[in-house]
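**Q** Everything below, folded, please.
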Amino acid sequence: MNTTTRRLLAATTLTTALALPTPAHAATDYPGHTTSSYVVLTDTTTTQAHQHGCAEGRTGTTGPRILFFGTQEKNDTLREPGRTASSPTPRAPYTQAAQYAHHWARGFTECRTDQATAHLALGVNNKDDSGLTGTHAGQRWAHLVTTARDNSTTDAVTITTALDAEPSWSTPRWARDWLTAYTKATDIPLYAANSADSCPTTTSGDCANGWTLADVHHMAGAGNPRIHVIPQIYRTDGIQARQWANISRWGHTHTGDPLRFAGAMSQHTACSQRSCNNTDNTPQQAWAQLKKALDAHHSTRVNNLGPATDMRWP
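**A** Down below sits the predicted model:
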């Protein structure tokens, strides 16, 4: 198979999956989950990347997996997840993220069962404490993901992008500039794995850090068909699910465009590795909370909500 044909097939696979066709099972059936990871590049090896991909391949589950590499900094480097700008931890070059993705994809392909496929989303967050502009950060991440996708050697794994956009981490302007720059630089689809910090559950009030519902709705895809949201549904009380249903309802009312939900994100495994307080929904609990909240209103009802994805540390 030549390179052009392989890329066309990969693009077709990604478009089909993002369209989320109605599954054969009933719409209310939980479709299972995948595992996504925070990746500390300075502590990992190509062997570990291969092992992590292999473990996901063996599950036989088709769906997105997100690799969160942390925060973008100057000179195309990454600060590991969970660290501030003042942290002395070593920075890793973007190229290490591409190499990790390559070996993860090889492992997945070699070990997969039931002809499973994956969308491997290379993710960063919207922390604006590194001195980069949102425009520069979005452009450079688009370049990295495009390069990684062009160099892919397997049709079982499609390289795509993820952004963990959280209102508490940047100004809305910085985040909007990132997304604008990214979408201008590439047509590779993006998974929005976002939070909705302090957003209302039933009204049109504001969210945290000067963000409005319009800002959160925009960063979750708004009218862009290449962006699907996998929102963070961590809290056991269900508030986050109701926030996201309200954001989607707001979009339907004010812009005519409810959000395109690809699934729900939990952090149950990460909480078992590091302590959490009432934010340890299982993947099935996160999925069920979101599905219930979305189905409560006709404008946000979904018949084919995709699998959950559960975060873990390496």
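**Q** and the gap between Trp287 and Arg249?
**A** 19 Å (C-beta to C-beta, to the nearest Å). All C-beta atoms are positioned from the backbone trio N, CA, C, and that covers glycine.
**Q** before we move on, what about Gln48?
**A** Gln48 is 42 Å from Arg249, by C-beta to C-beta.
**Q** the more surrounded of these two?
**A** Arg249 (22 against 16; other C-beta atoms under 10 Å).
**Q** Can you name the helix or strand that the more buried one falls in?
**A** Remark: Arg249 resides in helix 239-255, with elements defined by DSSP states H and E.
**Q** Buried residues in that helix, which are they?
**A** By neighbour count on 16 or more other C-beta atoms under 10 Å, the buried set for helix 239-255 is 239-252.
**Q** Same check on stretch 78-87?
**A** Buried, per 16+ other C-beta under 10 Å, within stretch 78-87: 78-81.
**Q** For it, which outside residues touch it?
**A** 38-42, 68-73, 89, 91-94, 96-97, 124-125, 127, 129-130 (C-beta atoms under 8 Å, 6 or more residues apart in numbering).
**Q** Write a PyMOL command that selects only the buried members of these.
**A** Listed next is the PyMOL selection for buried residues among the contacts of stretch 78-87, using 16+ other C-beta under 10 Å:
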select buried, resi 38+39+40+41+68+69+70+71+72+73+91+92+94+96+97+124+125+127+130
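**Q** Restricted to helices, list the contacts of stretch 78-87.
**A** 94, 96-97 (DSSP state H).
**Q** Can you tell me which of those is closest to Gln267?
**A** Ala97 (21.0 Å; C-beta to C-beta).
**Q** quick one: the closest one and Phe69 touch, right?
**A** Yes. Under the criterion of C-beta atoms under 8 Å, Ala97 makes contact with Phe69 at 4.9 Å.
**Q** which residues are common contacts for these two?
**A** With C-beta under 8 Å, 6+ apart, Ala97 and Phe69 have common neighbours 39, 41, 78, 122.
**Q** Which residue ranges of the stretch 201-314 of the chain form strands?
**A** In the stretch 201-314 of the chain, the segments counted as strands under DSSP state E, counting those that start in this stretch are 227-229, 265-266, 308-312.
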